[in-house]
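S.K.: Have a look; sequence and predicted model below, questions after that.
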Amino acid sequence: MVEMWGQLIIPALELLAVAAIGLWTYRKRPNLPRQPRPFGWPNEAAKAAAACGLQVVETWPTLLARAGPVEVRIGESESSDREVQVAIAAPELSEMRIHRRETVHPYQYSWAPENATGDAQFDSAFFIEGPPALVLAVLDARTRTVLLWLSTRSRLALSLGEVRAEMPPRDLSSTLPYLLEIGGRLAQPLDLARCLAENAHRDPEAGVRLQNLTVLARELPGSPATLEALRAACSDPSPEVRLRAAQELGDELQRAARQAIAEIQSRLPGASPGQLSLAGTEAGQLSLAQIEEGQLSLVPEKAGRLSLPPEGPG
């Protein structure tokens, strides 16, 4: 019995001794000075908010301000004692995530499909995740330009429905107007078809126009904006964009040709159902201009066969 109690008491005494030494060491540790917090950030935040015409709602522990639908929070950075963080709510974009590539570990989002806008400079700078149509609709030329500029002056990210930028307090006055511009753009209701169609037509980068056109045709094939964008893309300066438009319009051309044949057949005396067809060409090879300009004519000697008129000299 004595041996059993000895086996239990000795380990307990050892644990108490270790705990006592740890407590003594903790009490004797040097009093390390705390890192100074960002000097004067509340004053810098208040001045920047006033210069931008924001309505200040709270001033401490974070500055909360609003400008129309845009809500801004300015406070101490969670990752640096010498910086402040500006956060702007973007709840409509909760499915999107944008980070600077140098801040993302190669395997951090390896499970997530990455998106590309078609803008080589922007795609090389940012990791982008989210539904392709939403990503492309949001990231128009102006938004990409402002995000690139902001990323050179702050640690910028979009995730969990919020745009965040961390920077020294002295940079607040120069960056806040552009952060508010981004917030205003992201707060607007999105018409995906309209935004994609506009980007496919107006974006200065051919790769972006191609990406928007491809996603528009794939995800919104029945939208009037899609057909209008495809027709406009047939005259795009980029041959890759024109080729994509021609490929996507193939089915549309075939449907238009079949409809034209059916209408002509209904007006042709003595023509039996199915007798009319396109002679000398495949329906998918017709250009949109040929169908729209009515360059389909009836060839009487071929008993109701439908053909393109021969090209005249010159």
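M.R.: Ah, there it is.

S.K.: going forward, measure contacts and count neighbours with C-alpha atoms only.
M.R.: Will do.

S.K.: For the stretch 101-250 of the chain, which segments are assigned as helices?
M.R.: For the stretch 101-250 of the chain, applying DSSP state H, counting those that start in this stretch gives helices covering 120-125, 132-138, 141-151, 172-187, 192-202, 206-219, 224-233, 239-267.

S.K.: of those, which approaches residue 78 most closely?
M.R.: Set against residue 78 and scored by C-alpha to C-alpha, those come closest in helix 172-187, at 16.6 Å.

S.K.: Report pLDDT for residue 240.
M.R.: With respect to pLDDT, residue 240 has a value of 92.

S.K.: Next: residue 170.
M.R.: On the pLDDT scale, residue 170 is placed at 89.

S.K.: Would you confirm that it contacts residue 44?
M.R.: Yes. Between residue 170 and residue 44 there is a contact at 7.0 Å, judged by C-alpha atoms under 8 Å.

S.K.: What sits closest to residue 140 if chain neighbours are left out?
M.R.: The shortest distance from residue 140 to any non-neighbouring residue, by C-alpha to C-alpha, 6 or more residues apart in numbering, is to residue 199 (6.4 Å).

S.K.: Please save the CA atoms from stretch 177-188 in PDB.
M.R.: Output of stretch 177-188 as PDB, limited to C-alpha atoms (Å, rounded to 0.1, in the frame of the first residue of the first chain):
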ATOM      1  CA  PRO A 177     -11.500  58.500 -52.800                       C
ATOM      2  CA  TYR A 178     -10.600  55.500 -55.000                       C
ATOM      3  CA  LEU A 179     -11.800  53.000 -52.400                       C
ATOM      4  CA  LEU A 180     -15.100  54.800 -52.300                       C
ATOM      5  CA  GLU A 181     -15.300  54.700 -56.100                       C
ATOM      6  CA  ILE A 182     -14.800  50.900 -56.000                       C
ATOM      7  CA  GLY A 183     -17.400  50.600 -53.200                       C
ATOM      8  CA  GLY A 184     -19.900  52.700 -55.300                       C
ATOM      9  CA  ARG A 185     -19.300  50.500 -58.300                       C
ATOM     10  CA  LEU A 186     -19.700  47.300 -56.300                       C
ATOM     11  CA  ALA A 187     -22.800  48.500 -54.600                       C
ATOM     12  CA  GLN A 188     -24.800  49.000 -57.800                       C
END
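
S.K.: Number the chain from 482, please
M.R.: Right, with 482 as the first residue, what we last looked at is stretch 658-669.

S.K.: so for that stretch, what's the average pLDDT?
M.R.: The average pLDDT for stretch 658-669 rounds to 91.

S.K.: what sits up against that stretch?
M.R.: 533, 550-551, 569-571, 573-574, 619, 624, 627-628, 631, 644 (C-alpha atoms under 8 Å, 6 or more residues apart in numbering).

S.K.: hmm, try it at 7 Å
M.R.: With C-alpha atoms under 7 Å, 6 or more residues apart in numbering as the test, stretch 658-669 has contacts from 533, 550-551, 569, 571, 624, 627.

S.K.: Just the buried ones among those, please.
M.R.: 551, 569, 571, 624 (16 or more other C-alpha atoms under 10 Å).

S.K.: In helices, which of these appear?
M.R.: Among those, DSSP state H puts residue 624 in helices.

S.K.: In TSV, list the buried ones among the contacts of stretch 658-669 along with pLDDT.
M.R.: Formatted as TSV, those follow (pLDDT from 0 to 100):
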residue	pLDDT
551	89
569	94
571	89
624	96
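
S.K.: from the buried ones among the contacts of stretch 658-669, which ones fall inside strands?
M.R.: 551, 569 (DSSP state E).

S.K.: what's the farthest-apart pair in the buried ones among the contacts of stretch 658-669?
M.R.: For those, the farthest-apart pair by C-alpha to C-alpha is 551 and 624; their separation is 16.0 Å.
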